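[1] Give me a 3D structure for the following:
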Amino acid sequence: MDFSDFITHHGKRVAKDAFIHLVQVSRIDGKIHKDELDLLHKEGKKFGLTDPEIDKFINSEKDHHYTPPYSLEEKYEHLHDIAEMILADDEVSEKETRMIRRFAIEAGFNDSKIDGLMKILLDGVKNNTGEEELFRKFREYILS
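    Have a look, this model is predicted:
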């Protein structure tokens, strides 16, 4: 299976990079916690992967260069997925904060906006804010 051919349940093509970044975030504190592994499996199944395929992919992927998406919605989706992974074990480490910050910078967001974006995303995920409402807040903050 070519992992660059992932298709989401919404019919959008998902790059291999999106899953790689979730794996990287889950490993940032040195090990993948059970809650993080469960989330990786949940996300992998959205792409039609089996549990053994997901495990093989997690174990085989190492550091990769981040290639950010072009559209604001796709950038939001990547950062939202990273925020979910960061919060999967209910602890936000300094390394995880640095990683989401790095991805936001590489995605082209203005450094002066990143702390606010991270707060919106992390608070929204913690509070189970709906995706549409959270994206609206994210977009409004970027444009302000």
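[2] Would you state the strands of the protein in chain order?
    Assigned by DSSP state E, the strands in the chain fall at 6-7, 13-14.
[3] Which residue is the nearest non-sequential neighbour of residue 51?
    Take residue 51 and drop its neighbours on the chain: the residue closest to it by C-beta to C-beta, 6 or more residues apart in numbering is residue 41, 6.2 Å away. In short, each C-beta sits where N, CA and C put it, glycine included.
[4] How many neighbouring residues does that neighbour have?
    16 (other C-beta atoms under 10 Å).
[5] Quick check, it in contact with residue 57.
    No - between residue 41 and residue 57 there is no contact under C-beta atoms under 8 Å: 10.7 Å.
[6] if I look at the two, which residues touch both of them?
    By C-beta atoms under 8 Å, 6 or more residues apart in numbering, residue 41 and residue 57 have no common neighbours.
[7] per-residue confidence at residue 78?
    If you check residue 78, the pLDDT there is 84.
[8] And the nearest residue to residue 87 once chain neighbours are set aside, how close does it get to residue 57?
    Nearest non-adjacent residue to residue 87, counting by C-beta to C-beta, 6+ apart: residue 125, 5.3 Å away. Between residue 125 and residue 57 the computed distance is 23 Å (C-beta to C-beta, to the nearest Å).
[9] go on, residue 102?
    Plainly put, residue 102 is 22 Å away from residue 57 if you go by C-beta to C-beta.
[10] what's near enough to touch the residue lying closest to residue 100 once chain neighbours are set aside?
    Leaving aside its sequence neighbours, residue 100 sits nearest to residue 82 (C-beta to C-beta, 6+ apart; 5.1 Å). Residue 82 makes contacts with 21-22, 25, 99-100, 103, as judged by C-beta under 8 Å, 6+ apart.
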